[in-house]
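Asks: Sequence and predicted structure below; questions after.
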Amino acid sequence: MRPSGEAVLELIGTPGNPVPDGAIVSAVGAADGVFLRIARWAPGPDVAGTICVFTGRGEFIEKYFETIRELVARNFSVVAMDWRGQGGSARELPDSRKGHIDDFSMFERDLEALYRQVLQFLCPRPWFALAHSMGGSILLSQARSGNSPFERLVLTSPMIEIGGPLRRRSARGLVELADIAGFGAAFAPGQGRTSAMTRPFAGNNLTSDPVRYARNAEIVAVAPHLAVGGPTIGWTNAALRLTRRLTDPEFARRTTTPVLIFGASEDKVVSTPATARFANQLKAGGMVLLPGARHEILQERDEIRSQFWAAFDAFIPGARDRAQVLQHASETAQALALARPWWRRMFGPRRAA
């Protein structure tokens, strides 16, 4: 078990997942004293801007090495951060296997530390964010408050509404009562110390790609200190409080940062219909559905990832002609959406703002 208050200042590579060349690893301290692991990459003199990569719950920087290489190849400077409580950053509880947070507003302290100590001094503009699942919900919360330093957000399977049993009001009520009663640091019901990345591939809810799934399991086998197990009752209740805000239609309508959202048609971790409703309310953004994808879109098969990159490159290219950029992104998203008639039948056309 690793010490809970320490950050791990190294990146762990494996034969199937080597560390991208040129990595610079450091720690930054949040305002409340929590140390966070940060890694940076720079492509060379002709930089198109900076992409910040934010992981989902229980993930770590190493899981995104492939994506980081692809971003650097696109001539972006890249920054990746482990959220407090996971990866190489300091843990919130003495038991380092518990995924815990008291309130999601604490994650915004991590974003503030990244901005004050890394972005504004070391990273070329424009700044963009690429975030997955939990990371997406945190970035949306920051954007809604008007404090986002990013020009645009790209979100994969953002945690707008948690799927599974927690969609039932009775389950959400029991979690809240248990947290109020002082059990916030206990594992949520059905959760334990085992990382989801170590379970058998068959029946997993994360990806349909067995090669990338095995690659991620190998990282945990080599560096078990990076992994966490299931979420605590406190984390779960905090997540439910945030998702209640996100599902309020006014939240999306009043979010002004342009957002490109990717939904997975086979997602069982978060609710894709809830994500679609959120995207339909955005004034500056939209959603592309990826058929056949499970929750972790960037860990998916090549044919799914290629669709992601086509829309990403339209939304966040190196070109600076904004009118052309927005038109290209819109055309790409529409072309992908029109190929999924069931999607349009289920959720209908976007409503006018």
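Replies: All right, it came through fine.
Asks: can you give me the helices in this structure?
Replies: 65-73, 105-114, 120-122, 134-144, 169-178, 210-222, 233-246, 249-253, 272-281, 302-315, 322-338, 341-347 (DSSP state H).
Asks: Compare these and give me the one nearest residue 27.
Replies: helix 105-114 (9.9 Å; C-beta to C-beta). In short, each C-beta sits where N, CA and C put it, glycine included.
Asks: Measure how buried residue 201 is and give me the count.
Replies: Neighbourhood size, residue 201 [other C-beta atoms under 10 Å]: 14.
Asks: how many neighbours does the closest residue in space to residue 107 that isn't next to it in sequence have?
Replies: Spatially, and ignoring its direct neighbours in sequence, residue 107 is nearest to residue 138 (4.6 Å; C-beta to C-beta, 6 or more residues apart in numbering). For residue 138, the neighbour count with other C-beta under 10 Å is 24.
Asks: I'd like to know how far residue 138 sits from residue 24.
Replies: Remark: distance between residue 138 and residue 24 (C-beta to C-beta, to the nearest Å) = 24 Å.
Asks: same question, residue 287
Replies: 34 Å.
Asks: Of these two, give the one with the bigger neighbour count.
Replies: residue 287 (24 against 12).
Asks: The spatially most central residue of the chain bridge partners, please.
Replies: Residue closest to the average C-alpha location in the chain (C-alpha atoms, centre = their mean): residue 132, at 1.9 Å. Beta bridges link residue 132 to residue 156, judged by DSSP bridges.
Asks: dump the residue contacts of it.
Replies: Contact analysis of residue 132 by C-beta atoms under 8 Å, 6 or more residues apart in numbering lists 54, 55, 56, 59, 155, 156, 157, 158, 296, 297, 298.
Asks: And for residue 275?
Replies: Residues near residue 275 by C-beta under 8 Å, 6+ apart: 157, 158, 160, 161, 261, 263, 287.
Asks: now swap in residue 45 and tell me
Replies: Not one residue lies near residue 45 by C-beta under 8 Å, 6+ apart.
Asks: pLDDT value on it, please?
Replies: The per-residue pLDDT reported for residue 45 equals 83.
Asks: Check the one 3 residues further on too.
Replies: At residue 48, the predicted lDDT confidence score is 93.
Asks: Check the gap between it and residue 148 for me.
Replies: In terms of C-beta to C-beta, residue 48 sits 20 Å off from residue 148.
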